[in-house]
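**Q** return atomic coordinates for the entry below.
(chains A and B)
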Amino acid sequence: MSGFTVPEIAWGPMVPVMVVLLTAVVGVLVEAFVPAAHRRAVQLTLTLAALAGSIVAIAALWSDTERTGGTDVLGGSLVVDGPTLVLQATIALLALLSTLVVADRVTGGEDAFAPAAAAVPGSDYEELARRRGLRQTEVFPLLLFATGGMMVFPATTDLLTLFVALEVLSLPLYLLSGMARRRRLLSQEASMKYFLLGAFVSAIMLFGIGLLYGYSGSLRFADIAAATATPNGMEGLLVVGALMLLAGLFFKVGAVPFHMWTPDVYQGAPTPVTGFMAACTKVAAFGALLRVVYGMLPGMAWDLDVVLWVVAILTMVVGTVAALVQTDVKRLLAYSSIAHAGFVLTGVVALDDAGLTAVLFYLLAYGAATVGAFGLVSLVREQGPGEDGTTTLLGEATRLPQWAGLGRTHPVVAVTFTLFLLSFAGIPLTAGFVGKFAVFSAAVEGGAWQLALVGVLASAAAAFFYVRIIVLMFFTSPHDAADDAPAGPTPAVGAVASDDVADGGTQAAATGVAVATSAPERATTTVAAGEGLTVVAVAVCAVLTVLLGVAPSPVLDAIASVAVLLP
Amino acid sequence: MSLTHYLVLAAILFAIGATTVLLRRNAIIVFMGVELMLNSTNLLLVTFSRMHGNLSGQVLAFFVMVVAAAEVVVGLAIIVTIFRTRRSASVDDVNLLKS
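**A** This is a model prediction of the structure:
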């Protein structure tokens, strides 16, 4: 046996990731040692500082990377090149904005998370925890761990690191999905569905990794790419392994046919968490997908093209068509995010340098609009008579009829939401338009004009349901919408939940209250101001969306100057 | 016994695990199916490691064990929370989220 050779580690390029992960570890210690009263302030400061520090570190690495093209870190397990830095910066920035939304206490000092996530919904213990003002400040370290995993995910050129990064980013998200303060049964259900499906798919992906290892005898992308060049009679392993690996990545980006979890999880999870995972997970997973398709499997491009084409077309069509019939804002945005995964995939299919720049820009534009949109959804609340007879803020008003007339009562909110919707729809002068234009033109140049055509048609159909919300907000009065709504003001979901629990014969009344959307007959829709953190995040997202739409060239040029994938 | 037998056994175990996930209704059993899939992959990795004569596969197998343990912690926490709320761990009872 040969002696152990110490691997050469380039610490410098790892700083952006290390800052985030080490702060997460410190965050866990804070939970143990800092008194409860100060925990939230300490955790929030730490989290924001870590993410900001990470962005600064990426900026410091930028010029070096632009000059040299990038470095291998950890003996080639990670590679820090231009696309890595762009994706990491995007993830850190979006996570920073999401942290503001997550931290905001919208209703009377209560944030979006359960006071004690382990308490049974509707139990005395939960009520006691609520009255005592308990807080689950663990969300901040969890958020940082997820962000750290996401920042490693697109940088990895090694199947082992890919798998570990996938789990590091997924496990905290499973937990965060189940911690909503209101509608806890829905939240827990989302968490369980996400967990079981996610674990299933990551097991499939792992088996694919095993087959690829069997084919090539190495876990490095570059070695596998070299092995595909010389046939060795085990191509069956390669094809099946590659497809199973892609299945895992398609699950994470929410592409059809692995999209079934998306609407349920996006609807059930606490809205700030939904915004975080919708934006950041997608950025990270597309980064990893780029590296796998173009770093590891270029020798299989001919076979994989068919798969990517079919998945891209199905994703665009299914996402758009299903979004047309949704009646819940979060569910609608979930289907719209599926459609967006399809649009980005067209850029991935037609990858050249222009395509890479387009995909990276699209992810930034989509992420900014997503965090902003979900931030606004978390502010639009039901309002009803509270315990002592005064009007208090209740849960989020996510049913579409409840948004009717919002343009008249709260014009600023409605206009900002309209801006995000227009960006999703790809209307000129918004970031979404530039992103879509770049992606589709790259697809046409890459010879995939049929894909671009499907994409344009799907965008046109998608514009319909975005405009439907805009019409609802500005040109429909609340009364008309209430008459149109089949279930009336009684929330359908809440009713089902109560019945369900009553059938079980346990804690019927108490749990019913905790589960239901808590909307009494006369609940009206209003907009909560919160502590201002969400407002700041939404404002930054809106500015980004407009700036990237009006003057995209500096950002596009900056991305294009570094957009070369290292093997 | 040739190494191919181990690969076939790994594939069979993986198929049994996947079938368990798709067919069984109890969340705990479903989760056990996932664990079986992960462990069949470990067998696959170790066998390939032997065939290729390098250690990467064995190293990955160790990482898989660690990740599986972490997954158990998170997964059981979620399933137990649901069970305490609903007095049922059936995945069919978890059906509030629908379009």
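**Q** ok, residue 56 - how many residues close by?
**A** Since you didn't name a chain, this refers to chain A. Neighbouring residues of residue A:56 were enumerated by other Cβ atoms under 10 Å in any protein chain shown; the total is 14. The C-beta positions use only the backbone N, C-alpha and C, and glycine is treated the same way.
**Q** my bad, the chain I had in mind was chain B
**A** Under the neighbour criterion other Cβ under 10 Å, residue B:56 is assigned a count of 20.
**Q** burial count for residue 39?
**A** Picking chain A for this. The burial count for residue A:39: 18, using other Cβ under 10 Å.
**Q** not what I meant, chain B
**A** 19.
**Q** send over the one helix or strand residue A:143 maps to as CSV, restricted to the C-alpha atoms.
**A** Counting by DSSP states H and E, the element that carries residue A:143 is helix A:139-152. As requested, the backbone C-alpha atoms of helix A:139-152 are provided in CSV (Å, rounded to 0.1, in the frame of the first residue of the first chain):
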residue,chain,number,x,y,z
VAL,A,139,-34.6,28.2,11.2
PHE,A,140,-31.6,30.4,10.7
PRO,A,141,-28.9,27.7,11.0
LEU,A,142,-31.0,25.4,9.0
LEU,A,143,-31.3,28.1,6.3
LEU,A,144,-27.5,28.6,6.3
PHE,A,145,-26.9,24.8,6.1
ALA,A,146,-29.2,24.6,3.1
THR,A,147,-27.5,27.6,1.5
GLY,A,148,-24.1,26.1,2.1
GLY,A,149,-25.2,22.9,0.4
MET,A,150,-26.7,24.9,-2.5
MET,A,151,-23.4,26.8,-2.9
VAL,A,152,-21.4,23.5,-3.1
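**Q** now do the next helix or strand along the chain from it, average pLDDT.
**A** Heading C-terminal from helix A:139-152, the first helix or strand you meet, by DSSP H and E, is helix A:159-177. Rounded to a whole number, the mean pLDDT of helix A:159-177 is 95.
**Q** report the rounded mean pLDDT for the helix or strand immediately after helix A:159-177 in the chain.
**A** Of the helices and strands lying after helix A:159-177 in sequence (DSSP H and E), the nearest is helix A:184-216. Across helix A:184-216, the average pLDDT comes to 94.
**Q** ok, then the element right after helix A:184-216?
**A** Counting by DSSP H and E, the next helix or strand C-terminal to helix A:184-216 is helix A:221-229.
**Q** next, the angle from that following helix to helix A:159-177.
**A** Following axes from the mean of the first three to the mean of the last three Cα atoms, to 10 degrees, one obtains 120 degrees for the angle between helix A:221-229 and helix A:159-177.
**Q** the helix or strand just after helix A:221-229 vs chain B: in contact?
**A** Using DSSP H and E, the helix or strand that directly follows helix A:221-229 along the chain is helix A:235-253. No: taking Cβ under 8 Å from any Cβ of the partner chain as the criterion, helix A:235-253 and chain B are apart, separated by no less than 9.2 Å.
**Q** now for helix A:235-253, which elements pack on it?
**A** Taking 3 or more Cβ pairs under 8 Å, 6 or more residues apart in numbering or on different chains; DSSP states H and E as contact, the helices and strands that helix A:235-253 lies on are helix A:159-177, helix A:184-216, helix A:282-291, helix A:301-324, helix A:329-349.
**Q** just the buried residues of that helix, please?
**A** Judged by neighbour count using 16 or more other Cβ atoms under 10 Å in any protein chain shown, the buried positions of helix A:235-253 are A:237-238, A:241-253.
**Q** low-confidence ranges in the chain?
**A** All of this refers to chain A. Across chain A, the stretches falling below the confidence threshold (pLDDT under 70) are A:1-2, A:351, A:353, A:386-389, A:479-523, A:567.
**Q** wait, chain B
**A** Confidence mapping of chain B against pLDDT under 70 gives the ranges B:1, B:99.
**Q** host element of residue 19?
**A** Just going to use chain A. Here residue A:19 is covered by helix A:15-33, with elements defined by DSSP H and E.
**Q** actually chain B
**A** Assigned by DSSP H and E, residue B:19 belongs to helix B:3-23.
**Q** downstream of that helix, the next helix or strand is which one?
**A** helix B:27-52.
**Q** does any bit of that next one sit next to chain A?
**A** Yes: with Cβ under 8 Å from any Cβ as the criterion, chain A is reached by helix B:27-52 at B:27, B:30-31, B:34, B:37-38, B:40-41, B:44-45, B:48, B:51-52.
**Q** now those as TSV including neighbour count and distance to residue A:161?
**A** Converted to TSV, the residues of helix B:27-52 next to chain A look like this (neighbours: other Cβ atoms under 10 Å in any protein chain shown; distance: Cβ to Cβ, whole Å):
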residue	neighbour count	distance to residue A:161
B:27	24	30
B:30	24	28
B:31	24	25
B:34	26	22
B:37	25	21
B:38	22	18
B:40	24	22
B:41	28	17
B:44	26	19
B:45	28	15
B:48	27	18
B:51	16	23
B:52	16	19
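**Q** okay if I get the helices and strands packed on helix A:235-253 as TSV plus mean neighbour count and distance to chain B?
**A** Conversion of those to TSV gives the following (neighbours: other Cβ atoms under 10 Å in any protein chain shown; distance: least, Cβ to the nearest Cβ, whole Å):
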stretch	mean neighbour count	distance to chain B
helix A:159-177	24	5
helix A:184-216	25	4
helix A:282-291	26	16
helix A:301-324	19	8
helix A:329-349	27	6
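**Q** from the buried residues of helix A:235-253, which is closest to chain B?
**A** The shortest distance between chain B and any of the buried residues of helix A:235-253, using Cβ to the nearest Cβ, involves residue A:237 and amounts to 9.2 Å.
**Q** identify the residues contacting that closest one.
**A** A:211-212, A:214-215 (Cβ atoms under 8 Å, 6 or more residues apart in numbering or on different chains).
**Q** try it again with 7 Å
**A** When the contact criterion is Cβ atoms under 7 Å, 6 or more residues apart in numbering or on different chains, the partners of residue A:237 are A:211, A:214-215.
**Q** and residue B:64, by the same measure?
**A** Contact analysis of residue B:64 by Cβ under 7 Å, 6+ apart lists A:206, B:38, B:41-42.
**Q** neighbouring contacts of stretch A:202-219?
**A** Under the criterion Cβ under 7 Å, 6+ apart, residues A:158-160, A:163, A:166-167, A:170, A:223-224, A:227, A:234, A:237-238, A:240-242, A:244-245, A:247-248, B:14, B:34, B:37-38, B:41, B:44-45, B:48, B:52, B:54, B:56-57, B:60, B:64 lie in contact with stretch A:202-219.
**Q** helix, strand, or coil at the residue in the stretch 1-150 of chain A that chain B sits nearest to?
**A** Among residues of the stretch 1-150 of chain A, the one nearest chain B by Cβ to the nearest Cβ turns out to be residue A:120. It sits 5.1 Å away. With DSSP: H, G, I helix; E, B strand; the rest coil as the basis, residue A:120 sits in coil.
**Q** surely it meets residue B:86?
**A** No: under the criterion of Cβ atoms under 7 Å, residue A:120 lies out of contact with residue B:86, with a separation of 9.7 Å.
**Q** hang on, the earlier thing: now the residue of the stretch 1-150 of chain A closest to chain B, nearest residue through space, not along the chain?
**A** Nearest residue to residue A:120 in three dimensions, chain neighbours excluded: residue B:84, at 5.1 Å (Cβ to Cβ, 6 or more residues apart in numbering or on different chains).
**Q** residues of chain B that sit close to chain A?
**A** For chain B, the residues in contact with chain A (Cβ under 7 Å from any Cβ of the partner chain) are B:14, B:21, B:27, B:30, B:34, B:37-38, B:41, B:44-45, B:48, B:52, B:54, B:56-57, B:59-60, B:63-64, B:67, B:70-71, B:74-75, B:78-79, B:81-82, B:84-87, B:91, B:94, B:96-97, B:99.
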